[in-house]
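Participant: Sequence and predicted structure, then a few things I'm wondering about:
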Amino acid sequence: MEFGKDYGKPEMFATAVMREIKDGEIVFHGLASSTPMVVMKAAKALGKDFTYVTLSDGVDHDWNRPPYVASTLTENTYTGSVATFGLDEIFDLYASGKGDIAFLSCLQIDKTGRIAMSYVGGDYDHPKLRGPGGAGSATLTPVTKRTIIWKTAHDKRTMVEHVEFATTSPAVDKEFTLITPLCIFRKPVGEKLLKLECIFPYTTVDEVKENTAWVIDETEVPVMAPPTEEELAALKKVDPNNILAFEF
Amino acid sequence: MWGSDLVAKNPDFYHIYKNPWGDDEVVCVRALVPDYAILHVQEADIYGNARILGPSYQDALMARAAKKVILTTERIVGTYRMQEEPKLTAIPHFLVEAVVELPGGAKPGICYPEYLTVDWADHKAYQKAVKADEVKQFADKMLEGRA
């Protein structure tokens, strides 16, 4: 598959996120998460056997029905569900250690995985930018086996040296991952810092470094394989309205 | 909540206690007790038994947390509907203070399966009304011809 011809950054990003999902897992994404929504539908289309829980109460909704708006609070993630399981129940489930993946995002993040979701700039009471807050991230990050932060921008305003006010930060005993349009950073279990794990085919370690405010120690990392024909077909199948493009 | 700066920032809301069953510590979150929960449902009877026929989000939980609950409903139904399937009653009557029959009451938002997409024009008008302190005028317009 050739970059710019067969696939672009959104498709590579989506593929990288999709490859994180394994059979048998319980997977959740938050509000305003059209990108992981499309990815999870595509993972279902690929035949991955996992459980999809969402804020709209639905458990394993009918993924064949394409999303028509870039919202995760519609009947699209409810219709055809096999059960209902509300967000309060999802929080309890994850708190009891049964949740495998939570796909969350952020306004800013640093090398220790401190995440700004409450505000950026100014102070808590007088912020320059007020964020959505930390209901999901602060509750789920410390208890989820694998928190995966998806962020469709990779620049020094987002990947900062130090997050002033952390809405949440990773637990040492949990895996923690950051996926951007350029690469994957991962904090393994037992460690405290994000490491550059791999880059995508169309970029270089130097480009990643130029766009990241923290110091990246890794000099040579693997290049992730481009999306396969099957992965691209799955994305196309579940997303004819190209909701994936919304975040890019 | 471990790892969040919110815990230290809001001591009135979060408190760290020693786990009574272990040597570690736990973060306790103060319960929210709203004076009112105003909830829109698809079906309610005149006593306040309510059925939520789509995503219920945290409505049932809010009904239990609030001091008083006001329901707006797409339609009033007979209590026999609840008696047929008691499990579908998400909010029982004894939690409810008042019921208002208000078809379209969740607009410009969503009420499954009655109206499935957000009405963005009305939503923007609402945002504008909030900023201009004209919510009453906005509500009057939404309710035109219904009173």
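Facilitator: Structure received.
Participant: residues touching the closest residue to chain A within chain B, list them.
Facilitator: Distances between chain B and chain A by CB to the nearest CB are smallest at B:Gly3, namely 3.8 Å. In short, each C-beta sits where N, CA and C put it, glycine included. By CB atoms under 8 Å, 6 or more residues apart in numbering or on different chains, the contact set of B:Gly3 is A:138, A:141-142, A:166, A:168-171.
Participant: Please list which of the residues you listed also come close to chain B.
Facilitator: A:138, A:141-142, A:166, A:168-171 (CB under 8 Å from any CB of the partner chain).
Participant: For burial, what's the neighbour tally of A:Asp57?
Facilitator: 24 (other CB atoms under 10 Å in any protein chain shown).
Participant: Would you agree it is in contact with A:Gly86?
Facilitator: Yes: shown here, A:Asp57 and A:Gly86 form a contact pair, counting by CB atoms under 8 Å, at 5.3 Å.
Participant: what is in contact with these two at once?
Facilitator: Common contacts of A:Asp57 and A:Gly86 (CB under 8 Å, 6+ apart): B:56-57.
Participant: quick one, strands of chain B?
Facilitator: For chain B, the strands defined by DSSP state E cover B:14-18, B:25-29, B:36-44, B:50-51, B:68-76, B:89-91, B:98-101.
Participant: need the strands for chain A, in chain order.
Facilitator: A:26-29, A:51-53, A:58-59, A:83-84, A:101-104, A:108-109, A:115-116, A:119-122, A:127-130, A:146-150, A:175-179, A:183-187, A:195-199.
Participant: Identify all contacting residues around the first one.
Facilitator: By that I understand strand A:26-29. In this structure, residues lying in contact with strand A:26-29 by CB under 8 Å, 6+ apart are A:21, A:36-37, A:40, A:50-54, A:72, A:90, A:93-94, A:98-104, A:140.
Participant: Which strand residues bridge A:Arg186?
Facilitator: Partner residues in beta bridges with A:Arg186, using DSSP bridges, are A:Thr177, A:Lys195.
Participant: beta partners for the spatially closest residue to A:Glu164 that is not a sequence neighbour?
Facilitator: Counting by CB to CB, 6 or more residues apart in numbering or on different chains, A:Glu164 lies nearest to A:Ala116, which is 7.2 Å off, once chain neighbours are set aside. Beta-bridge pairing for A:Ala116 (DSSP bridges): A:Gln108.
Participant: any idea which helix or strand of chain B has the worst average confidence?
Facilitator: Here the helix or strand of chain B ranked lowest by mean pLDDT, DSSP states H and E is helix B:135-142, holding a mean of 92.
Participant: From A:Val205, how far out is A:Leu46?
Facilitator: Per CB to CB, to the nearest Å, A:Leu46 is found 29 Å from A:Val205.
Participant: Spatially central residue for chain A, please.
Facilitator: The centroid of chain A falls nearest to A:Trp150 when counting by CA atoms, centre = their mean (2.8 Å).
Participant: Check chain A for its longest helix and report it.
Facilitator: Determined from DSSP state H, the single longest helix within chain A is helix A:34-45.
Participant: Actually, chain B.
Facilitator: Ordering each helix of chain B by length in residues (DSSP H) puts helix B:120-131 first.
Participant: May I see the buried residues of it?
Facilitator: B:125-126, B:129 (16 or more other CB atoms under 10 Å in any protein chain shown).
Participant: Same check on stretch A:22-40?
Facilitator: So for stretch A:22-40, counting by 16+ other CB under 10 Å, buried means A:25-31, A:33-40.
Participant: neighbouring contacts of the lowest-mean-pLDDT helix or strand in chain A?
Facilitator: In chain A, the helix or strand scored least confidently by mean pLDDT, DSSP H and E is helix A:135-140, which has a mean of 91. Helix A:135-140 is contacted from outside by A:28, A:30-31, A:91, A:94-95, A:99, A:102, A:104, A:106, A:115, A:117, A:147, A:167-168, B:1, B:3-4, B:6, using CB under 8 Å, 6+ apart.
Participant: now stretch B:93-105
Facilitator: With CB under 8 Å, 6+ apart, stretch B:93-105 has contacts from B:40, B:44-50, B:63-64, B:68-76, B:111, B:114-115.
Participant: Please repeat the previous calculation with a cut-off of 7 Å.
Facilitator: Residues outside stretch B:93-105 that contact it (CB atoms under 7 Å, 6 or more residues apart in numbering or on different chains): B:40, B:44, B:46-49, B:63-64, B:68-76.
Participant: Just the buried residues of those residues.
Facilitator: B:40, B:44, B:48-49, B:63, B:69-74.
Participant: Could you pull up the residues touching B:Asp12?
Facilitator: By CB under 7 Å, 6+ apart, the contact set of B:Asp12 is empty.
Participant: Show the contacting residues for A:Pro142.
Facilitator: Shown in contact with A:Pro142 (CB under 7 Å, 6+ apart): A:171, B:1-3.
Participant: Name the member of those residues with the most neighbours.
Facilitator: B:Gly3 (21 neighbours).
Participant: List every C-alpha atom in stretch B:99-117, with coordinates, as CSV.
Facilitator: Extracted in CSV, the C-alpha atoms of stretch B:99-117 (Å, rounded to 0.1, in the frame of the first residue of the first chain):
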residue,chain,number,x,y,z
VAL,B,99,-44.9,14.9,35.4
VAL,B,100,-45.2,17.2,32.4
GLU,B,101,-46.5,15.9,29.1
LEU,B,102,-44.2,17.6,26.6
PRO,B,103,-43.8,16.0,23.2
GLY,B,104,-40.5,17.1,21.7
GLY,B,105,-39.3,18.1,25.1
ALA,B,106,-35.7,17.0,24.6
LYS,B,107,-35.3,19.2,21.4
PRO,B,108,-33.0,20.5,20.1
GLY,B,109,-31.4,17.3,21.5
ILE,B,110,-32.2,13.7,20.9
CYS,B,111,-34.9,11.4,22.1
TYR,B,112,-34.6,7.9,20.8
PRO,B,113,-36.4,6.8,18.6
GLU,B,114,-38.7,9.8,18.3
TYR,B,115,-36.1,12.3,16.9
LEU,B,116,-32.6,11.0,16.3
THR,B,117,-30.4,13.9,15.4
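Participant: Tell me the buried residues in that stretch?
Facilitator: By 16+ other CB under 10 Å, the buried positions in stretch B:99-117 come out as B:99, B:102, B:104-108, B:110-112, B:114-115.
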